[in-house]
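Enquirer: Just to be clear, the model below is a prediction. Sequence and coordinates:
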Amino acid sequence: MITVRAPDGAPEVGPGDDLAGIVAELFELADGDIVTVTSKVVSKAEGRVRQGTREEALPGETQRVVARRGPTTIVRTRHGLTLAAAGIDASNVAPGRVVLLPEDPDASARAIRESLLARTGRNVAVLVTDTAGRAWREGQTDIAIGAAGLRVLVDLAGSVDAHGNELAVTAPAVGDELAGAAELAQGKLAARPFAAVRGRADLVLPPGEHGTGAAGLVRPDGADLFGYGAREAVIRALRGEEQDRAAFGAPSEPGELAAAIRTVVPDASVAVEDDSLVVSGGESRTIAAVAFAFGWRPVDAPGADDLRFRPSTP
């Protein structure tokens with residue numbers, strides 16, 4: 001059985017406050033519990049509150065812009081998270097001020113975990129949580145952005161189901177699932193930023209072993225199939241600047257690129273030659289944009305009217 005507790009009575013958190021001390025006062029912890037703390041109270045305790053607006057703070061928290069739609073900007077943060085407005089929040093804070101995400105949420109989780117062990121003698125895991133939207137889904141849910149002492153991902157590849165079928169890529173993101181479960185008990189407006197989940201001690205690591213942290217749930221830039229929004233992908237492929245390559249991912253196979261060029265530029269002649277693709281005819285800028293999006297770069301061509309491309313990485 002899994003239980004989630006999110007008690008009332010948490011104090012307003014300010015710079016320098018001892019979060020582990022607050023948790024120890026709120027809960028009677030047991031070995032194997034999983035403590036969740038919202039990123040907002042972690043940020044407040046760590047002094048990550050700033051004067052100004054979300055728009056003013058956004059550039060400093062952005063690694064790159066993923067998509068824009070009107071007033072909404074989705075970015076990849078320095079942490080590798082993809083969030084609206086880099087997770088900068090203007091709620092539950094004085095007017096004219098905003099709360100940034102913790103500088104290093106995994107380090108924050110480790111510090112709280114170690115302090116709880118020292119105070120209580122209990123071996124617990126700690127999650128730092130934040131609210132995020134999901135592509136193709138309405139609404140938001142809490143996810144793990146920091147973790148310590150927890151297996152945040154359970155790889156079931158190679159396991160066999162009840163019918164004898166081998167699982168290939170199943171890997172439950174239990175860190176996010178636990179964050180979502182905790183949020184159900186905490187609520188958004190109930191001033192309950194701390195929760196404790198009991199019943200999944202199998203996920204909790206021994207003292208001193210902190211695991212991958214929530215960073216283990218973040219795909220490397222370029223490994224995701226949706227590195228840019230649809231409009232942004234078109235613009236960046238046409239622009240073709242070197243710093244925009246990573247989010248398009250690894251180079252495709254030559255046959256995949258050849259098929260794409262033939263689809264977009266039907267009058268082009270495409271030939272695969274060893275490690276190169278040679279294109280004759282067609283509108284060169286369009287061909288170059290397709291090649292860029294598929295991870296290939298132009299090189300010197302054998303003839304004046306030909307375009308030659310090779311993979312951008314070996």
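Expert: Great, that's in hand.
Enquirer: C-alpha from now on. contacts and neighbour counts both.
Expert: Noted.
Enquirer: Ala179 and Ser252, how far apart?
Expert: Computed as C-alpha to C-alpha, to the nearest Å, the Ala179 to Ser252 distance reads 36 Å.
Enquirer: Please apply the same query to Ala109.
Expert: Between Ala109 and Ser252 the computed distance is 39 Å (C-alpha to C-alpha).
Enquirer: more crowded one of the two?
Expert: Set Ala109 next to Ser252 and count neighbours by other C-alpha atoms under 10 Å: Ala109 wins out with 27 against 16.
Enquirer: Quickly find the element holding that one.
Expert: Assigned by DSSP states H and E, Ala109 belongs to helix 105-120.
Enquirer: Show the residue spans covered by the strands in the stretch 51-200 of the chain.
Expert: Taking DSSP state E, counting those that start in this stretch as the criterion, the stretch 51-200 of the chain carries its strands at 62-69, 72-77, 82-84, 97-99, 125-134, 137-148, 194-198.
Enquirer: To Lys40, which of these lies closest?
Expert: Evaluated with C-alpha to C-alpha, these place strand 97-99 nearest to Lys40, the distance being 6.9 Å.
Enquirer: residues near Trp136, how many?
Expert: For Trp136, using other C-alpha under 10 Å, the count is 6.
Enquirer: Run through the stretch 101-250 of the chain and note the low-pLDDT ranges.
Expert: 156-158, 167, 169 (pLDDT under 70).
Enquirer: coming back round to it: now do the buried residues in the helix holding Ala109.
Expert: Across helix 105-120, burial judged by 16 or more other C-alpha atoms under 10 Å covers 105-110, 112-117, 120.
Enquirer: cool, and stretch 266-278?
Expert: Buried residues in stretch 266-278, defined by neighbour count with 16+ other C-alpha under 10 Å: Ala268, Val270, Ser276, Leu277, Val278.
Enquirer: tell me the phi and psi of the nearest residue to the second one once chain neighbours are set aside?
Expert: Closest residue in space to Val270, ignoring its immediate chain neighbours: Val279 at 4.6 Å, by C-alpha to C-alpha, 6 or more residues apart in numbering. Comment: the main-chain dihedrals of Val279 come out as phi -120, psi 130, following degrees, to the nearest 10.
Enquirer: same check, this time on Leu100
Expert: In terms of degrees, to the nearest 10, the main-chain angles of Leu100 are phi -90, psi 160.
Enquirer: For Pro311, which residues count as its bridge partners?
Expert: Here Pro311 sits in beta bridges with Trp296, going by DSSP bridges.
Enquirer: Neighbours of it, how many?
Expert: 20.
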